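Asks: how would this look folded up:
(2 chains)
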Amino acid sequence: MKNLLITFILALVVTPAIAQQKTPPPPGAARPLNLPKITEKKLANGLTVVLAPLPNVPKVTTVLTFRSATTASDRQAHPGIAQIAAAVANEGTDTRTSKQIKEELRSMGGTLNLGSDADSTTMNATSLSEFSARLFDLMSDVAQHPSFPETEVKLAQENTIQQIRAGRADPGFLVNERFQKAVFGDHPYSFVVPDEKSISALTRPDLRAFVTRYYLPNASHLIVVGDIDVDRTFAEIEKAFGGWKSGTVPPDDNPPVPKREKRQIYFVDRPGSVQSAIYIGNVSIPRKDKDYFAIRTADTIYGGSFYSRLTRNIRESKGYTYSPFSNSNTRAKTGSVMTGAFVRNEVTGPTLLEIFYELDRMRVLPVTDEELSAAKEFSTGNFSVELASQQGLAGRINTVYTYDLDKNFINDFRPKIEALTAADIQKAAAKYFDTYRAAIVIVGDWEKVKDQVVPFGDVTIYDAEGNVITK
Amino acid sequence: MRRLIVICLVMVMMLTSTVSRSPVAHAKPLNIPVVYYKLPNGLKVVISEDHMAPVVTVAVYYNVGFRLELKGRTGFAHLFEHMMFQGSANVKKFEHAKFVEANGGSLNGHTDFDYTNYFETLPSNRVELGLWLESDRMRSLDISEENLKNQQAVVSEEVRVNVLNQPYQFFEWISLWENAFTNWNNSHNGYGELSEINAATIDDVRNFFKTYYSPNNAVLTIVGDVDVNEVKKMVEKHFASIASQPLPARADLTEPPQTKEKRVSQTDKLANLPALATGYHLPPQNSADFPAMALLVQILQGDDSSRWYQRLVKEKELTLDLTGGLNYFGNEFDYTGPMIMTTRTTYKPGHTADDVIREMDAVIADIVAKGVTEKELADAKVRYRSNFYSQVEGSFGKTHLLSALALFRDDPQQINSLLTPFENVTAAQVKAAAAKYLVATNRTVIDRVPEAKAQPKSGQ
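Replies: Coordinates of the predicted model:
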């Protein structure tokens, strides 16, 4: 081995002593943050249009959000319909076949995908900016005239069922599914995937009726970010979307979310697992709640950044896991706080112990000034980076309109973060990092880790399909 | 705020296709400013000003990846990447992350076939912090037994979460490479066997650092809202005094030509559905066939309109998905040495791998016989250009391409003419590339089926 030999010779070479700077260099003068000018307009049919020029590359990035089409919409009659409608809407319109749509997108260097969640259905589309008019035309067609061809519906039903079966082998899928159910109970927010019967029962008329009822211009907004000219782009949008008929906005089907009452372990048995996939969390706050910034910042310090307490503890100090994380996820009616870690079987119990220790430490003691100031810089600095990309900016603006936030949200972000005190953080943590009523979800090999798990609470055991089982 | 000026010249081309006549735009070449020079110690430096946002990315790319690991030490290049966050003379263990995040930034590192990179994106007035941090670890990495043990545990968990506890266990990378390549440097498991990751010693870490982490084996790239002249001074201050080191002779990465098709069958303890992966050896990046092959990859599997996707997922309803591309982890420019085009697809129960292969082959046979349409090729070029713009949209994407071009071609200026060879590809070249490279004797096929087990009950 030639390499090895040279390596040994090199190891004998001594690095010369050189003066090197011992302390971090101070920052230079801050450069100005010139936020793109955001223009809001409305079409006669009620569609809100928001335009933000960001000509970093000759592309456009758009989000069309149907605020009425949520996973709660029509859920009694047709569970899962929002998700299947979103999956099949771009597989054919009254005038375009699925293949024509895909080929048209390719010719624009474009993409167009729909997805639904608990608060809306979104159509995300991009193209080269020179083709923006054609992109808007296609988006408008998909929004208004999806034809749900029988063959496409049938294929989507079959494939969705198979994809869910495939997903049930993946610990990441299983832990998330069980976590949403544990935290949100019977609320529509607990929805992850429909069951096979619900998928199979959907028909083409159901899907068409759903779109007619819930994809409405007067309950939608279109965000366009990129290499655009505001007036010319708006004219293109008016031409493409002007004929979309408004309708009666159905009532909001999302009820309030019940609070959890006790700590409980939800164990999904996956024999043969060499790790335990752990999610721990609880119900938190709606997106518009006044505590949004405090929880967000508490989360940054606790587990939401790389230099967080959680990572320093269970990764850098103990070596239990690769990439522990936490998040504060807020939605229209409520949200969740969550901690995640994938750890080898042998340290399942010790990991639970450390997670609860770190959560409780956030509740019981104030964070240090150094931690708070670092978290503020982290949030505001990365916010600026996010706004510099078309996707990032479009996503932020979409949040403002989906959750009806103050239109100054983007400009107010920095001052609101900077105003937080250590007492604000502790108060929010004490209230929402509720370890007494936490849901503990673990996907792993029950026989191998059960002794480590039972000291932490009552256990319900499930199989991968979601059936309660006894062991 | 300066604007990236890209004027698109729209040329209406009369195409022979019967599908439609579409305006095909040819963009004026991108104009990304590039300053490129070398320090006397051999460090390559790339600086590109971009004043769209008050942000900067600082990155160091080292010319070492999985392929240069030694036998008995699979996964070592990646384990070493972790050690680069364990402290240096003036930065304590893991404080690299603290400095970057407390200054409003984000950071990461990545180990690939042929490079390992370290990068931080920061508010642009903190650019010198990034340079100081990178210089401190390049000059004086702190290597301790305790930290090595800690990161061996962390990396072992990374391998468990991404490979060992997953259905399919990353077979479209790890198993495919092990079977498609014969030269150990190319074929071995780059994520590493747990036993070999944990066998690494402190001397291995020291030697690897000494051998590969010298300024003359690296590129330093700075992209963002900075002033070139100011940054040059900072680079001089922090990097010029780091000593260069003699570099070992490059390992032999050549791969003997494949002469027979390779077929492998595997069973999977965790998966519920069967899956198939294929790999075809690609021509070298500097060969005349390469641009045509890259567009052929686009036409075969670049998006939902592609030939394989349409055939397998839509027309024949054989498979659930289709993913893959020309370089499993990256793009056309960020590797050196032999590469395969990969494809991975989950197929439906009731079908066999042969059913899938037969349809993939039928698509190839059609291209070999009739070629691709002018419209298809023109669209593939538009798609290619659009993907390229997305890649260079942010400071990190630009940093990545510039660094790869400096590292492997010693010419980051190429970023402004990168699309040209692809724009010039003809339909005849695509057809010829299909005939030459998409043959059974040039491929490896892995069929991975679930181990027989009791059928699950349905229900929620």
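
Asks: give the contact list for whatever residue of the stretch 1-150 of chain B ends up closest to chain A.
Replies: Taking Cβ to the nearest Cβ, chain A has its nearest neighbour within the stretch 1-150 of chain B at B:G104, 1.8 Å off. In short, each C-beta sits where N, CA and C put it, glycine included. B:G104 makes contact with A:E377, A:F378, A:T380, A:G381, A:N382, A:S384, B:L122, B:P123, B:R126 under the criterion Cβ atoms under 8 Å, 6 or more residues apart in numbering or on different chains.

Asks: Local confidence estimate at it?
Replies: Predicted confidence (pLDDT) at B:G104: the value is 97.

Asks: Give me the three-state assignment for it.
Replies: When classified by DSSP: H, G, I helix; E, B strand; the rest coil, B:G104 comes out as coil.

Asks: ok, it to B:A294 distance?
Replies: 38 Å (Cβ to Cβ, to the nearest Å).

Asks: got it, and B:V45?
Replies: 29 Å.

Asks: Mind checking which of the two has more residues around it?
Replies: B:A294 (26 against 22; other Cβ atoms under 10 Å in any protein chain shown).

Asks: Excluding covalently adjacent residues, which one is nearest to that one?
Replies: Leaving aside its sequence neighbours, B:A294 sits nearest to B:E332 (Cβ to Cβ, 6 or more residues apart in numbering or on different chains; 5.5 Å).

Asks: Could you list which residues are in contact with the one you found?
Replies: B:Q285, B:F290, B:A294, B:L326.

Asks: neighbours of the closest residue to chain B within chain A, just the number please.
Replies: Chain B sits closest to A:G381 of chain A, with a gap of 1.8 Å, by Cβ to the nearest Cβ. As a burial measure, A:G381 scores 24 neighbours (other Cβ under 10 Å).

Asks: wait, it sits on B:L107?
Replies: No. Taking contacts as Cβ atoms under 8 Å, A:G381 lies outside contact range of B:L107: 11.8 Å.

Asks: Listing request: residues of the chain with sub-threshold pLDDT.
Replies: This is for chain A. Confidence mapping of chain A against pLDDT under 70 gives the ranges A:1-19.

Asks: Chain B is the one I meant
Replies: B:1-29, B:453-460.

Asks: If we use 50, what do you get?
Replies: Within chain B, the segments meeting pLDDT under 50 span B:1-27, B:457-460.

Asks: need the strands for it, in chain order.
Replies: Under the criterion DSSP state E, chain B contains strands at B:8-11, B:24-27, B:35-38, B:44-49, B:55-62, B:106-111, B:116-123, B:218-224, B:262-268, B:275-281, B:323-325, B:340-346, B:443-450.

Asks: ok, of the contacts of B:E332, which one's closest to B:A378?
Replies: B:A294 (15.2 Å; Cβ to Cβ).

Asks: quick one: contacts for that closest one?
Replies: If you count contacts by Cβ under 8 Å, 6+ apart, then B:A294 has B:L326, B:E332, B:Y384, B:F422 around it.

Asks: If any of these are buried, give me the PyMOL selection for them.
Replies: Buried subset of the contacts of B:A294, written as a PyMOL selection, criterion 16 or more other Cβ atoms under 10 Å in any protein chain shown:
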select buried, chain B and resi 326+332+384+422
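
Asks: and of the contacts of B:A294, the nearest to A:D141?
Replies: The shortest approach to A:D141 among the contacts of B:A294 belongs to B:Y384, at 25.7 Å (Cβ to Cβ).

Asks: Against chain A, how distant is that closest one?
Replies: Going from B:Y384 to chain A by Cβ to the nearest Cβ, to the nearest Å gives 8 Å.

Asks: Next up, the contacts around that residue.
Replies: B:A294, B:L295, B:Q298, B:L419, B:F422.

Asks: which residues sit in contact with the second one?
Replies: Going by Cβ under 8 Å, 6+ apart, B:L295 touches B:L377, B:A380, B:K381, B:Y384, B:F422, B:V425, B:V430.

Asks: want to throw the residues you listed into CSV with distance to B:K233?
Replies: What follows is the contacts of B:L295, written out as CSV (distance: Cβ to Cβ, whole Å):
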residue, distance to B:K233
B:L377, 48
B:A380, 45
B:K381, 42
B:Y384, 39
B:F422, 38
B:V425, 43
B:V430, 49
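
Asks: Mind checking which of the residues you listed are in helices?
Replies: Judged by DSSP state H, the contacts of B:L295 include B:L377, B:A380, B:K381, B:Y384, B:F422, B:V430 as members of helices.

Asks: If you tally nearby residues, what's the number for A:V385?
Replies: 22.

Asks: isn't there a helix covering it?
Replies: Yes. Under three-state DSSP, A:V385 sits within a helix.

Asks: now it: how far from B:I222?
Replies: Taken as Cβ to Cβ, the span from A:V385 to B:I222 is 16 Å.

Asks: repeat for B:H351
Replies: 52 Å.

Asks: higher neighbour count, these two?
Replies: B:I222 (27 against 16).

Asks: near chain A, which residues of the stretch 251-400 of chain B show up?
Replies: Along the stretch 251-400 of chain B, the residues adjacent to chain A under the rule Cβ under 8 Å from any Cβ of the partner chain are B:251, B:269-273, B:302-305, B:310, B:313-314, B:317, B:320-321, B:346, B:348-349, B:375, B:378-380, B:382-383, B:385-387, B:389-390, B:392-395.

Asks: Enumerate every residue touching B:E145.
Replies: B:E145 sits next to B:I202 when contact means Cβ under 8 Å, 6+ apart.

Asks: hmm, back to that, out of the contacts of B:Y384, what pair is the most spread apart?
Replies: Top of the distance list for these (Cβ to Cβ): B:Q298 and B:L419, 12.8 Å.

Asks: Among those two, which residue is more densely surrounded?
Replies: Between B:Q298 and B:L419, B:Q298 has the larger neighbour count (other Cβ under 10 Å), namely 24 against 19.

Asks: ok, the closest residue to the more buried one other than its chain neighbours - contacts?
Replies: Of all residues not flanking B:Q298 in the chain, B:A380 sits nearest, at 4.5 Å (Cβ to Cβ, 6+ apart). Contacts were defined as Cβ under 8 Å, 6+ apart; by that measure B:A380 touches A:R106, B:L295, B:Q298, B:I299, B:G302, B:V372.

Asks: cutoff 7 Å now
Replies: B:L295, B:Q298, B:I299, B:G302 (Cβ atoms under 7 Å, 6 or more residues apart in numbering or on different chains).

Asks: From B:G279, how far out is it?
Replies: Looking at B:A380 against B:G279, where the rule is Cβ to Cβ, the gap reads 21 Å.

Asks: Of the contacts of B:G104, which is the most crowded?
Replies: Ranking those using other Cβ under 10 Å puts B:L122 first, with 30 neighbours.

Asks: Identify the residues contacting that one.
Replies: B:V56, B:V58, B:V100, B:N103, B:G104, B:G105, B:L129, B:G130.

Asks: Number of residues surrounding the first one?
Replies: This points to B:V56. Count around B:V56 with other Cβ under 10 Å applied: 28.

Asks: and it, what are its bridge partners?
Replies: With DSSP bridges as the criterion, B:V56 is bridged to B:L122, B:G224.

Asks: Mind jotting down where the helices sit in the stretch 251-400 of chain B?
Replies: Using DSSP state H, counting those that start in this stretch, the helices of the stretch 251-400 of chain B run over B:290-301, B:307-309, B:353-370, B:374-391, B:395-409.
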